[in-house]
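> here's my sequence, what's the structure:
(one chain, ligands or ions: 2)
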Amino acid sequence: MAPLQGSRAPTEFGGPLGAAALMLLLPATMFHLLLVARSGSARLLGPPPYLPGLEALWSPWALLLCLTWLGLQAALYLLPARKVAEGQELKDKSRLRYPINGFQALVLTALLLGLGMSAGLPLGALSEMLLPLAFAATLIAFIFSLLLYLKSLVVPAFALAPGGNSGNPIYDFFLGRELNPRICSFDFKYFCELRPGLIGWVLINLALMMQEAELRGSPSLAMWLVNGFQLLYVGDALWHEEAVLTTMDIIRDGFGFMLAFGDLAWVPFTYSLQAQFLLYHPQPLGLPMALVICLINAVGYYIFRGANSQKNTFRKNPSDPRVADLETISTATGRQLLVSGWWGMVRHPNYLGDLIMALAWSLPCGVSHLLPYFYLLYFTALLVHREARDEQQCLQKYGLAWHEYCRRVPYRIMPYIY
Ligand SMILES: NC(=O)C1=CN([C@@H]2O[C@H](COP(=O)(O)OP(=O)(O)OC[C@H]3O[C@@H](n4cnc5c(N)ncnc54)[C@H](OP(=O)(O)O)[C@@H]3O)[C@@H](O)[C@H]2O)C=CC1
Ligand SMILES: CC(C)CCC[C@@H](C)[C@H]1CC=C2C3=C(CC[C@@]21C)[C@@]1(C)CC[C@H](O)C[C@@H]1CC3
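Residues are numbered from 1 along each chain as shown. Ligands and ions are numbered 1, 2, ... in the order given. Predicted coordinates for the structure are as follows:
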């Protein structure tokens with residue numbers, strides 16, 4: 001059965017009202033977290049310590065810095081790539097091509113940064129500018145989404161995303177109307193999903209670590225762990241960049257405020273919350289506890305990477321010797337579903353590994369505050385919601401075979417619990 005589209009398609013995220021609320025709530029939450037992280041009490045659930053005036057938020061230098069950062073990452077995106085991958089087949093039977101050079105962009109950014117720092121670039125000072133930088137990134141995301149919305153009004157119908165053209169401008173602005181907005185070969189959604197935000201996140205982490213070293217003589221063990229774990233996560237995402245081409249964000253969701261704000265503002269400024277917390281609230285961490293936390297992160301990463309690689313290898317070539325022995329279910333589409341290995345344990349083993357890592361990123365911050373656990377709480381909600389969206393799409397794609405998979409593998413994310 002063909003999925004419904006346009007104004008007949010069911011809406012997600014609570015429809016236009018939910019979308020409008022999220023557009024206010026998400027930036028408000030981000031600023032709340034930034035303010036609370038630097039306050040003495042660091043109470044996640046309390047009111048913000050103060051309401052910043054426009055002079056604390058707006059800085060033309062911060063805007064210039066954000067635009068320079070985007071320009072640098074765009075330039076690195078345009079450099080020759082070691083590989084050009086093809087995306088999934090589109091409605092008009094064509095396939096888009098994507099450069100695979102995200103890891104190269106990370107390495108080149110690190111080299112440029114190293115050069116800059118040896119020439120005296122005060123990276124630590126970035127940690128003092130997080131509020132105006134986050135404001136500038138939000139402004140950019142908002143204006144960018146508006147331009148994307150206007151652009152989507154003049155593209156042919158086949159270029160629209162299945163979910164983001166309900167006819168309600170607020171809802172469509174939030175979810176995104178056009179599936180793959182591009183200028184020539186420059187793909188805005190693919191570019192934003194992995195580069196400026198993810199690399200920006202580790203850059204902010206590094207700036208917070210440098211600032212800590214300046215304040216206290218050397219970075220704390222807790223700060224080293226948070227920086228190391230999150231660098232591994234970002235490096236892994238960029239190393240396996242091609243895998244993002246099969247995510248629902250690229251295949252199904254349009255490019256609107258949700259992803260533009262998520263990629264450009266939410267990821268760098270809220271995913272770096274643990275490092276922000278540690279700069280203002282140093283936490284003692286002994287070696288034995290640090291080793292336990294490293295072990296938890298390693299277990300999470302092992303499951304996350306094992307599950308993602310198993311599925312990616314299987315989808316590329318089901319007869320690959322690494323996956324050829326796994327049990328499968330056939331579906332009417334001709335594709336198969338894995339029912340043994342990682343994908344026979346729960347229906348989203350990669351989410352389980354990701355959540356275990358999220359726990360390991362918070363533990364170095366101790367247990368005295370809830371704030372550093374915000375990422376774990378938000379991420380659990382995001383993945384539970386994402387799992388439900390994916391389930392709907394798989395049911396639509398695979399019908400009875402999906403029911404059979406759910407019968408054989410009854411748990412979604414956490415064995416025997418959920
Ligand atoms: N840090 C963050 O903020 C976020 C991180 N992530 C991470 O990104 C990664 C990608 O996640 P996401 O895009 O949500 O989805 P997944 O990588 O889990 O992909 C889901 C798709 O996998 C295929 N699939 C499902 N079950 C099976 C099976 N048994 N056998 C073979 N194929 C199957 C289906 O697609 P098909 O059959 O068409 O191949 C399904 O639509 C995850 O590791 C996730 O944890 C995701 C979101 C946010
Ligand atoms: C602002 C809202 C709360 C929603 C924003 C969602 C985005 C932050 C996420 C949607 C899917 C994402 C993915 C990743 C980062 C977060 C966003 C952009 C990864 C790139 C993280 C690293 C993984 O290895 C792959 C992920 C793909 C999906």
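
> relative to residue 236, how far out is residue 307?
13 Å (C-beta to C-beta, to the nearest Å). Backbone N, C-alpha and C define where each C-beta goes, glycine included.

> neighbour count: those two, which is higher?
Neighbour count, other C-beta atoms under 10 Å: between residue 307 and residue 236, residue 307 has more, with 23 against 15.

> excluding chain neighbours, what is closest to residue 330?
Distances taken as C-beta to C-beta, 6 or more residues apart in numbering place residue 336 nearest to residue 330, at 5.6 Å, with adjacent residues excluded.

> surely the one you found and residue 327 touch.
No: contact status for residue 336 versus residue 327: not in contact, 9.8 Å apart, counting by C-beta atoms under 8 Å.

> what about residue 167, how many residues nearby?
Residue 167 is flanked by 10 other residues according to other C-beta under 10 Å.

> so for it, what's the pLDDT?
As predicted, residue 167 sits at a pLDDT of 87.

> can you name every helix or strand that the lengthiest helix in the chain contacts?
Longest helix of the chain, by residue count under DSSP state H: helix 287-316. Helix 287-316 sits against helix 221-239, strand 336-338, helix 349-362, with contacts defined as 3 or more C-beta pairs under 8 Å, 6 or more residues apart in numbering; DSSP states H and E.

> after the last one, which helix or strand is next?
Read that as helix 349-362. helix 374-398 (DSSP states H and E).

> then the longest one?
Toward the C-terminal end, the helix or strand that comes next after helix 221-239 (DSSP H and E) is helix 248-251.

> same for the next helix or strand after that next one, what does it pack against?
Moving toward the C-terminus from helix 248-251, the next helix or strand (DSSP H and E) is helix 257-261. On a contact count with 3+ C-beta pairs under 8 Å, 6+ apart, helix 257-261 meets helix 15-37, helix 130-152, helix 169-175, helix 188-194.

> how about the residues of the protein near ligand 1?
Proximity of the chain to ligand 1, by C-beta under 6 Å from any ligand atom, involves residues 246-248, 304, 308, 311, 315, 335, 337-338, 343, 348, 350-351, 354, 386, 390, 393-394.

> and those residues, which are buried?
304, 308, 311, 337-338, 343, 348, 350-351, 354, 386, 390, 394 (16 or more other C-beta atoms under 10 Å).

> how about residue 87, what does it touch?
Neighbouring residues of residue 87 by C-beta atoms under 8 Å, 6 or more residues apart in numbering: 95, 96, 97, 98, 180, 245, 250, 251.

> ok, the last one - how many residues close by?
The one in question is residue 251. 16.

> measure residue 90 to residue 254 for me?
13 Å.

> thinking again about what came up before, possible to save the buried ones among the residues of the chain next to ligand 1 as TSV with distance to residue 80 and pLDDT?
TSV is the format used below for these (distance: C-beta to C-beta, whole Å; pLDDT from 0 to 100):
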residue	distance to residue 80	pLDDT
304	30	97
308	27	95
311	29	94
337	37	95
338	35	95
343	36	96
348	36	97
350	31	97
351	35	97
354	32	97
386	34	94
390	34	92
394	37	94
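
> can you narrow these to ones near ligand 2?
Counting by C-beta under 6 Å from any ligand atom, no member of those is near ligand 2.

> got the contact list for the residue of the stretch 1-150 of the chain found nearest ligand 2?
Per C-beta to the nearest ligand atom, residue 26 is where the stretch 1-150 of the chain lies closest to ligand 2, at 5.1 Å. Contact analysis of residue 26 by C-beta under 8 Å, 6+ apart lists 261, 262, 266.
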